[in-house]
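Asks: Just a sequence and a predicted model for now, questions to come.
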Amino acid sequence: MTLIKSINPYTGELLAEFHPLSEKEIEEKLSAGSVAFSTWKETGFLRRAELMNNAAKVLKDRREKYAKIISLEMGKVIKESLAEVDKCALVCEYYGEKSAEFLQAEDINLPEGKKAKVIHQPLGAILAVMPWNFPFWQVFRFAAPTLMAGNVGVLKHASNVPQCSLAIQEVFTEAGFPAGVFQSLLIDSEATTKLIEDDRIKAVTLTGSEKAGASVASAAGKQIKKSLLELGGSDPFIVLKDSDLKKAAETAVKARMINFGQSCIAAKRFIIEEDIYDDFLTIFVDQLSKLKEGDPMDESSDFACMARPDLAEELYSQVDKSVKAGATLLFGGEKPEKDSARFQPTILTDIPTAAPAYSEELFGPVATIFKVKNEADAIAMANDSEFGLGASIWSEDKEKAEQLASKIESGAVFINSMVASNPHLPFGGVKKSGYGRELSRYGILEFVNSKTVYLG
Ligand SMILES: O=CCCC(=O)O
């Protein structure tokens, strides 16, 4: 049996090891989920909200403890881990407050004089297959709406963050949720497929790679179960010549370097109008050089390491192949040491279409910078990607920016701002970035039966 290991990627130290759950233990959890659902679905919004607010309180009271687990397990710098825990508390409070309103029955007056209603009812146990990059946030943005809607949640977390998975279980238990309403399962991907096949699992949501998404969605499809996929992105960050260039270039560095570049909505392709290209590059390089590398636990560190050595190796291989294909290495680009998760922030320019950096997602601190002649070329280049998650566009002409935003193939466009998830805004992608929406009212409606009741 392969143990699930918790390893500090900054030091390589083995922190803990866990036995994956046995078939019997998985069976017990599934049946606990079913029992819990039968009463949880009848529990009123007031009580559910009370418990969700308790969860927010547990997160706030133990923010240092949880942030430390995140940083130790996946290398995020502590200031970002603290912000992540805070955001989880926020999403619990948001859905605690808004769910009753979001799921209120809707009255429909029909032309023939009759009436109908739409009522939103929970489905049962929803499986969440979640990634390591925001190991708390990704789970809470699933769990808060899903549980508030009256469903129960089953978590299969990424195998490199088992301590985060257990800590999240602790939050819900400490908050007072009845046993079985939220359960973290330490299991492998084979057991995950079996879970999807189990009748007690009603739907599945996945945040992760295209490969994992295709596999989970096809397993769900075979069982005619709903899936929601939030996959990769190669978000464009378009800077037009009439933008506030300094602000745009400074934000561009933040947008690329958030979570050390390991975010689906990090800006990855910087598309700059030719008149301002050189000035943009100067500011971008200057800002990037100022970032401080250091221990993830040090509050002054801006970046530390990637989440695993193999991820650093894979990213380097994309950079190396791109340079061999003709891209210019403007900054960084050194090969990471063997078995090390550390990586130098890197900038590539003059990237030919055949280079991996042109078409593949670069899930780490590598910026690709493109020069374009005009706005039309900028939009064409932004859309020349199989991904469509987020996009950012910078111009002082807001009307024009809004018009251009409608031409971008993505789930979100942020004007004069970097892309960021927010409980109030729907979040999700088009093309190979996935389907379905998380957060806001759209997110809570994904896992309910919106039932028509015709009043004859
Ligand atoms: O990695 C994707 C999600 C990142 C976020 O919600 O901020």
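Replies: Structure received.
Asks: from here on, contacts and neighbour counts on C-alpha atoms
Replies: Will do.
Asks: Let me see the contact set for the residue in the stretch 351-456 of the chain that the ligand sits nearest to.
Replies: Proximity of the stretch 351-456 of the chain to the ligand (C-alpha to the nearest ligand atom) peaks at Ser421, 4.5 Å away. By C-alpha atoms under 8 Å, 6 or more residues apart in numbering, Ser421 lies in contact with Phe427.
Asks: So it versus Ser34, what's the distance?
Replies: As for Ser421, its distance to Ser34 is 32 Å (criterion: C-alpha to C-alpha, to the nearest Å).
Asks: Please apply the same query to Ile283.
Replies: 56 Å.
Asks: which parts of the stretch 351-456 of the chain sit against the ligand?
Replies: Residues of the stretch 351-456 of the chain lying close to the ligand (C-alpha under 6 Å from any ligand atom) are Ala420, Ser421.
Asks: how about Asp377, secondary structure?
Replies: At Asp377, secondary structure determined by DSSP: H, G, I helix; E, B strand; the rest coil is helix.
Asks: Same question for the residue of the stretch 351-456 of the chain closest to the ligand, what's its three-state structure.
Replies: Applying three-state DSSP: Ser421 is coil.
Asks: Got the domain ranges for the chain?
Replies: With domains defined by automatic domain parsing, the chain comprises 4-231+433-455, 235-422.
Asks: per-residue confidence for Met52?
Replies: On the pLDDT scale, Met52 is placed at 99.
Asks: Going by length in residues, pull out the top helix of this structure.
Replies: helix 78-102 (DSSP state H).
Asks: quick one: which helix or strand includes the spatially most central residue of the chain?
Replies: A centroid search over the chain (C-alpha atoms, centre = their mean) returns Gln138, at 5.4 Å, as the residue closest to the centre. If you go by DSSP states H and E, Gln138 is part of helix 137-148.
Asks: Close to the ligand: what parts of this protein are there?
Replies: Residues of the chain lying near the ligand (C-alpha under 6 Å from any ligand atom): Ser263, Cys264, Ile265, Ala420, Ser421.
Asks: Name only those of the residues you listed that count as buried.
Replies: Buried members of those, scored by 16 or more other C-alpha atoms under 10 Å, are Ser263, Cys264, Ile265, Ser421.
Asks: Secondary structure and pLDDT added to the residues you listed, as TSV?
Replies: Shown next, in TSV, are these (DSSP: H, G, I helix; E, B strand; the rest coil; pLDDT from 0 to 100):
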residue	secondary structure	pLDDT
Ser263	coil	98
Cys264	coil	98
Ile265	coil	98
Ser421	coil	98
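Asks: List every C-alpha atom in stretch 332-352, with coordinates, as CSV.
Replies: Output of stretch 332-352 as CSV, limited to C-alpha atoms (Å, rounded to 0.1, in the frame of the first residue of the first chain):
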residue,chain,number,x,y,z
GLY,A,332,16.1,33.9,-14.9
GLY,A,333,15.8,30.5,-16.5
GLU,A,334,18.4,28.5,-14.7
LYS,A,335,17.9,24.8,-14.3
PRO,A,336,16.6,23.9,-10.8
GLU,A,337,18.8,21.7,-8.7
LYS,A,338,18.0,18.0,-8.7
ASP,A,339,15.1,17.1,-6.4
SER,A,340,14.6,20.8,-5.5
ALA,A,341,11.3,22.7,-5.7
ARG,A,342,13.1,26.0,-5.9
PHE,A,343,12.8,27.9,-9.1
GLN,A,344,14.0,31.3,-10.4
PRO,A,345,11.4,33.7,-11.6
THR,A,346,11.8,33.8,-15.4
ILE,A,347,10.8,36.0,-18.4
LEU,A,348,10.5,34.8,-22.0
THR,A,349,10.0,37.1,-25.0
ASP,A,350,9.9,36.7,-28.8
ILE,A,351,8.1,33.4,-28.3
PRO,A,352,7.5,31.5,-31.6
